[in-house]
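**Q** Would you be able to build a 3D model of this:
(one chain, ligands or ions: 2)
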Amino acid sequence: MLVLGIETSCDETGVALYHGERGLLGHTLYTQATLHSPYGGVVPELASRDHIRRVLPLTRELMAQCGCSLDELSAIAYTQGPGLAGALLVGTAIGHGLAYALGLPALAVHHMEAHLLSPLLASPAPRFPFVALLASGGHTELVRVEGVGRYELLGETVDDAAGEAFDKTAKLLGLGYPGGPALAKLAEQGRPGRFRLPRPMRASGDLNFSFSGLKTAVLTLVRERPLEAAARADLAAEIEAAIVDVLAAKALAALDETGLTQLVVAGGVGANRSLRARLSADAPKRGGTVFYPAPELCTDNGAMIAFAAAKRLEQSSLIPQPSSLEFTVRPRWALESLASQPA
Ligand code: KG4
Ligand code: ZN
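**A** Ligands and ions are numbered 1, 2, ... in the order given. Alright, predicted model coming up:
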């Protein structure tokens with residue numbers, strides 16, 4: 001079984017080939033960061049137009065790199081949601097178009113399911129059941145994962161996502177887009193503690209998160225007085241520490257609450273080194289083990305899309321039918337709704 005995966009839900013165009021027995025054959029990625037950076041955030045229309053330009057050349061490059069041809073494919077997987085509607089439409093339309101032309105099934109993939117299964121691509125890989133901390137630009141969720149398609153939401157953000165908190169506070173510090181990696185880099189030169197920021201909902205007694213208060217606290221600080229370079233680095237370190245403290249506390253509480261021992265960290269914020277260091281130090285104290293995707297597979301990519309589709313195909317008792325040209329996108333799509341769909 002050979003699956004081509006296409007990811008276009010936001011500002012990264014990713015394509016990949018996953019083989020049922022041989023694993024991930026290759027993946028290629030184009031990031032639109034420079035396209036959006038002058039605007040300080042993703043401009044949806046520019047994102048869609050750029051995906052149109054990139055998907056097919058990237059696919060050709062990938063096929064050549066892997067020495068594969070289109071007639072070897074078994075299915076084409078694409079991100080159907082959640083994400084930006086126009087951006088999703090590009091991958092969905094191209095996925096269905098290609099599948100239709102080749103007489104293959106087109107498989108719709110849930111972007112967050114793909115993130116949460118992506119640590120299974122790493123070695124060593126976790127085994128079901130595990131707790132997943134999904135922390136991306138749009139989502140922060142703790143999920144109990146019993147198997148492919150069997151997810152129970154344990155907690156989620158009541159306002160901003162962790163990645164959004166990184167991006168918005170980075171913007172307040174005058175850092176470019178995307179803010180998460182830029183803020184993490186600046187934080188390496190600073191020390192937490194000089195500024196005191198809140199750890200919202202850390203002791204709320206449940207597994208939910210809130211990050212919007214952090215943004216307001218940073219706004220108040222930067223409005224009070226201009227910060228010199230060392231102070232900016234210290235503030236960046238405190239912001240990162242506040243986000244990491246809350247994410248780590250809740251993720252470890254989720255292990256305690258479920259009695260599970262394996263924690264999987266996925267989504268763009270999962271690339272954060274400070275978060276990784278904290279979890280890897282603290283989880284073993286409670287008998288836990290933490291699993292991460294390779295850093296380049298934490299942020300959006302086609303590999304996780306091809307992989308999630310292949311896992312679903314493996315489990316399915318249904319024989320997928322060749323694609324028709326009817327398709328739709330799902331910009332809002334709750335992960336838990338997958339539980340009621342056949343694997
Ligand atoms: O999963 P992802 O690539 O896209 C979404 O599905 O949203 O996550 C992107 C988010 C952005 O908010 C970005 O700033 C954040 O992940 N991010 C990071 C780091 N790398 C990416 N945040 C903190 N530290 C990082 N190293
Ligand atoms: Zn993502």
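**Q** residues near Cys68, how many?
**A** By other C-beta atoms under 10 Å, the residues close to Cys68 number 17. For glycine as for every other residue, the C-beta is placed from the backbone atoms N, C-alpha and C.
**Q** thought it was touching Arg22?
**A** No - judged on C-beta atoms under 8 Å, Cys68 makes no contact with Arg22 at a distance of 10.8 Å.
**Q** mean confidence for stretch 182-191?
**A** Regarding stretch 182-191, the rounded mean pLDDT is 98.
**Q** what does the domain assignment say about the chain?
**A** 2-116+298-340, 124-292 (automatic domain parsing).
**Q** And these: which comes nearest ligand 1?
**A** domain 124-292 (2.2 Å; C-beta to the nearest ligand atom).
**Q** now the closest one, how far from the chain's geometric center?
**A** Remark: domain 124-292 is offset 13 Å from the chain centroid, using C-alpha atoms, centre = their mean, to the nearest Å.
**Q** Ok, stretch 3-10 next?
**A** The chain centre lies 13 Å from the centre of stretch 3-10; the measure is C-alpha atoms, centre = their mean.
**Q** what helix or strand is Asp256 on?
**A** If you go by DSSP states H and E, Asp256 is part of helix 229-258.
**Q** go on, Gly86?
**A** helix 85-102.
**Q** got the angle for the helix or strand following the helix holding Asp256 vs helix 229-258?
**A** Under the assignment DSSP H and E, the closest C-terminal helix or strand after helix 229-258 is strand 262-266. Orientation of strand 262-266 against helix 229-258 (axes from the mean of the first three to the mean of the last three C-alpha atoms, to 10 degrees) gives an angle of 140 degrees.
**Q** Quick one: list the elements packing against strand 262-266.
**A** Applying 3 or more C-beta pairs under 8 Å, 6 or more residues apart in numbering; DSSP states H and E, one finds that strand 262-266 contacts helix 111-117, strand 130-135, helix 229-258, helix 273-282, strand 289-291.
**Q** and of the ones you listed, who's closest to ligand 2?
**A** helix 111-117 (5.4 Å; C-beta to the ion).
**Q** Appreciated, that's everything.
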